[in-house]
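**Student:** Sequence plus the predicted model coming up.
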Protein chains: 2
Amino acid sequence: MAPVAADELATLAGLLADRSRARFLLALMDGRAWTAGELATEAGVAPSTASEHLTRLVDGGLLVERRQGRHRYVQLAGPDQARLLEGLLAYLGPAKPANTLRAVTADQSLRQGRTCYDHLAGRLGVAITDTMTDCGLLTDSCAVTDEGLAWFAGLGFRPTARRAPARACLDWTERRSHLAGAAGAYLCAHLLERGWVRGVGSGRAVRLTPAGEEGLRDLLGVPTP
Amino acid sequence: MAPVAADELATLAGLLADRSRARFLLALMDGRAWTAGELATEAGVAPSTASEHLTRLVDGGLLVERRQGRHRYVQLAGPDQARLLEGLLAYLGPAKPANTLRAVTADQSLRQGRTCYDHLAGRLGVAITDTMTDCGLLTDSCAVTDEGLAWFAGLGFRPTARRAPARACLDWTERRSHLAGAAGAYLCAHLLERGWVRGVGSGRAVRLTPAGEEGLRDLLGVPTP
DNA sequence: GATTCACTTCGGCGGGCGCCGAACAATCCA
DNA sequence: TGGATTGTTCGGCGCCCGCCGAAGTGAATC
């Protein structure tokens, strides 16, 4: 077969084939920008080591960087890169049971609800997606219906030509699909801004606030997940 | 973040992060079983080298092997593994333009039609999928409609609980979805068996035969792609 | 039973990769 | 201006990995 494709595949995989770089990428799955130092701490390596890794990831196109003062902010390059990682995580399947109390509770809250690059995932994400499907706002495969388009317009969402308004993203803890794409990102940002969803701890875990529970019930008739 | 997930990701990526192993996997994307020797020739490495690579891929769960006499047959472990590779190839995007005549023609026929693990892809695969969608046999997102279920039943297809009857697979040359899953695999096998689709050369490339053109026109009203 | 064939195991070679600490550069703050 | 903070570059260390050829195993063939 075409050796060129094999080389590209091997090169791409090589970028991910390192414990430290993998930890960077997993951390960056929250969609936020991290500084080089934060990532070094996160992965437990020296700043110099992290710096070299980041250069490789940026050169490889997986990350984009923004220099600001004496900080180097780095972020997933875009939805394509997030999708790539999601696909790999979905293949690896649900994380194995954790063995320390701290890890267990962190794991629990992560399963309960989290951000997945720029949209909601975990039980919360799946529950919202299910309810929207029941309401006829989404099709079974997470496409936005006409009714759904009107609903999103009511929230202030305006679809663009550049990015698909909605797509299904396979949830790696629930093994079910949840809403992703531009509409999913908008919804997530909207709920965070309204304070209906709030971050838990420093990671990607999020939870529904009491106000959010009520608000979503009004908006969709969603039961507490 | 959970270091365990990072380690698993890095380990998995490490399996793919080698030119020779990547060539093996790409070759095995045709869904057939290859012998160790064939793969060694394909990748241009010594048999001993290939043997070691195959052991790693089997241990890593990407491949399954079957010993038969003095041959070691090896094959993609299943649809999950094929999906994983499809996802990576889709990220890499359409292959860059080839620069030798032989490569160009091989590339052309591959784009025209090919098997993708166990179903049809390329222009042919997308064209068949599109026509089936137009006929109301599939939804926009490659789910089988009730009408489609009846149509497939007429072909002798019997859905099982173990595998989803249909799903969308992103075509890495067309950048469009085509039909995959159990129904896609059945259709591909069916067309090959009837002689409506035939392999071109030794790779994954396939083309529609005159009989197939006529037969599909009867069955679906499909124009020549 | 001897030969051939497909594959595996082993030893050894070379190269690349990940890691660190030390020195350096750039920026912010007092 | 001087010192603290942040990140980068460089040299060097050690390890792992991919590769090969030679020798070995086991099955098929004659």
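**Tutor:** On my side now, so go ahead. Residues are numbered from 1 along each chain as shown, chains lettered A, B, ... in the order given.
**Student:** residue contacts, the residue in chain A positioned nearest to DNA strand D?
**Tutor:** Using C-beta to the nearest atom of the strand, the closest approach of chain A to DNA strand D is made by A:Gly37 at 2.4 Å. Placement of C-beta: from N, CA and C, glycine included. Residues in contact with A:Gly37 (C-beta atoms under 8 Å, 6 or more residues apart in numbering or on different chains) are A:Pro47, A:Ala50.
**Student:** How about A:Gly148?
**Tutor:** A:Met132, A:Gly136, A:Leu137, A:Leu138, A:Ala183.
**Student:** Please, which helix or strand holds it?
**Tutor:** With elements taken from DSSP states H and E, the one containing A:Gly148 is helix A:146-154.
**Student:** which element is A:Leu192 on?
**Tutor:** helix A:181-194.
**Student:** what's that helix packed up against?
**Tutor:** strand A:119-121, helix A:146-154, strand A:167-170, strand A:197-199, helix A:210-220 (3 or more C-beta pairs under 8 Å, 6 or more residues apart in numbering or on different chains; DSSP states H and E).
**Student:** Take these and lay them out in a markdown table including mean pLDDT.
**Tutor:** Converted to a markdown table, the helices and strands packed on helix A:181-194 look like this (pLDDT from 0 to 100):
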| stretch | mean pLDDT |
| --- | --- |
| strand A:119-121 | 88 |
| helix A:146-154 | 90 |
| strand A:167-170 | 80 |
| strand A:197-199 | 88 |
| helix A:210-220 | 86 |
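**Student:** Need the ones you listed in CSV (columns: distance to A:Ala5).
**Tutor:** Written out in CSV, the entries for those read as follows (distance: least, C-beta to C-beta, whole Å):
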stretch, distance to A:Ala5
strand A:119-121, 30
helix A:146-154, 38
strand A:167-170, 24
strand A:197-199, 40
helix A:210-220, 44
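**Student:** winner for burial among those?
**Tutor:** Compared across the helices and strands packed on helix A:181-194, strand A:119-121 shows the largest average neighbour count, a mean of 28 (mean count of other C-beta atoms under 10 Å in any protein chain shown).
**Student:** ok, residues contacting that strand?
**Tutor:** Against strand A:119-121 from outside (C-beta under 8 Å, 6+ apart): A:113-115, A:125, A:128, A:169, A:171, A:173-174, A:178-181, A:184-185, A:187-188, A:191, A:197, A:206.
**Student:** any chance you could map the strands in chain A?
**Tutor:** Ranges of strands in chain A, per DSSP state E, are A:34-35, A:63-68, A:71-76, A:114-116, A:119-121, A:167-170, A:177-180, A:197-199, A:206-208.
**Student:** give the contact list for the one residue in chain A that gets nearest to DNA strand C.
**Tutor:** Among all residues of chain A, A:Gly69 sits closest to DNA strand C, at 2.7 Å; criterion: C-beta to the nearest atom of the strand. Residues in contact with A:Gly69 (C-beta under 8 Å, 6+ apart): none are found.
**Student:** Can you check what pLDDT the model gives the residue nearest to A:Leu88 when sequence neighbours are not counted?
**Tutor:** Residue nearest to A:Leu88 in three dimensions, not counting chain neighbours: B:Leu9, with 6.0 Å by C-beta to C-beta, 6 or more residues apart in numbering or on different chains. At B:Leu9, the model reports a pLDDT of 96.
**Student:** Please tell me I have it right and B:Leu9 contacts A:Ala22.
**Tutor:** Yes. Here B:Leu9 lies in contact with A:Ala22, judged by C-beta atoms under 8 Å, at a distance of 4.4 Å.
**Student:** quick one, which of the two is more surrounded?
**Tutor:** A:Ala22 (27 against 24; other C-beta atoms under 10 Å in any protein chain shown).
**Student:** Output the lowest mean pLDDT helix or strand found in chain A.
**Tutor:** Here the helix or strand of chain A ranked lowest by mean pLDDT, DSSP states H and E is helix A:101-112, holding a mean of 70.
**Student:** Is it correct that A:Leu208 is in contact with A:Val197?
**Tutor:** Yes. Between A:Leu208 and A:Val197 there is a contact under C-beta under 8 Å: 5.9 Å.
**Student:** How about the contacts made by the most centrally placed residue in chain A?
**Tutor:** Nearest residue to the geometric centre of chain A (C-alpha atoms, centre = their mean): A:Cys116, 1.5 Å. By C-beta under 8 Å, 6+ apart, A:Cys116 lies in contact with A:Met29, A:Ala82, A:Glu86, A:Gly125, A:Cys169, A:Asp171, A:His178, A:Ala180, A:Arg204.
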